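>>> starting from these lines, generate the structure:
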Amino acid sequence: MSFSDFFKSPFSRRSDVSSLPSPPLVPEDDVVAPPSEVDFAAILLAAGVTPEQRSKILKAQELLRALPSETPVPVKRDIVEAAFKAFDVSTQEIVAAASKQVEALRAFTRTGEEHTQRVLAEGNQQIKLLESKIAGVKASMDREVAAQAVRARSTLDQINEVQPVLQFFARDAIASSQPEAHAAASGPGESSQGESVDVQFDAGR
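Below you'll find the predicted structure:
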């Protein structure tokens, strides 16, 4: 396992922006754990620090914390060395384990910084692609607005050319249709009445 396995890129599954996706949200499993939740045991194991070496470092830390803060450093060193000698552990082993652990943690920090720089670079690239896409969409929108304005003006010109014809002939058509409508309404009644009068006149004679 390498340190790069401890980091994930939020852009690993969203590299294609050709279809202008919604702003990417980082899934919960892609969120880098805060410092208090970093699995240092796994990190140190990946760097080659054995559980035995970590145990020795933890014991040394516990001993140092148990000593009064006002205890002189030389006295602290003698006490800690004596304690480890009782367990047949040399100070050289402690120094070697501590050095290896510190170097592993520093390497982890460097890997994290490199990962962060890659994420920033990928993010800036995504932003540039999205900005380019947005600019293209806005240009298309502006062209459509301008085209519609031209269509609207041309259509209005056509309406203004046809409207006088409609108004002229529509008025004549209405005027000419009024006598016909009147004749159609009154003609049959009058004719029927005349015939009835003739029939009655003949009968009288």
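>>> any weak-confidence spans in the chain?
Filtered on pLDDT under 70, the chain yields the residue ranges 1-2, 4-5, 7-36, 172-205.
>>> got the residue ranges for the helices in it?
40-46, 51-66, 73-86, 91-204 (DSSP state H).
>>> burial count for residue 136?
The number of residues packed around residue 136, counting by other Cβ atoms under 10 Å, is 11. To be clear about C-beta, it is placed using only N, CA and C from the backbone, and glycine gets the same treatment.
>>> now distance to residue 6 too, for the helices of the chain, in TSV please.
Below are these laid out as TSV (distance: least, Cβ to Cβ, whole Å):
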stretch	distance to residue 6
helix 40-46	7
helix 51-66	17
helix 73-86	31
helix 91-204	7
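>>> to residue 3, which of the ones you listed lies closest?
Smallest distance to residue 3 across these (Cβ to Cβ): 3.8 Å, for helix 91-204.
>>> and the closest one, what does it pack against?
Applying 3 or more Cβ pairs under 8 Å, 6 or more residues apart in numbering; DSSP states H and E, we find helix 91-204 packed against helix 40-46, helix 51-66, helix 73-86.
>>> isn't residue 60 up against residue 93?
No. Using Cβ atoms under 8 Å, residue 60 is not in contact with residue 93; the gap is 10.2 Å.
>>> which one of these two is surrounded by more residues?
When residue 60 and residue 93 are compared for neighbours, residue 60 comes out ahead with 19 against 14, by other Cβ under 10 Å.
>>> and the helices and strands packed on helix 91-204, which is most packed in?
helix 40-46 (a mean of 15; mean count of other Cβ atoms under 10 Å).
>>> can you list the helices and strands that it packs against?
Packing partners of helix 40-46 (3+ Cβ pairs under 8 Å, 6+ apart): helix 51-66, helix 91-204.
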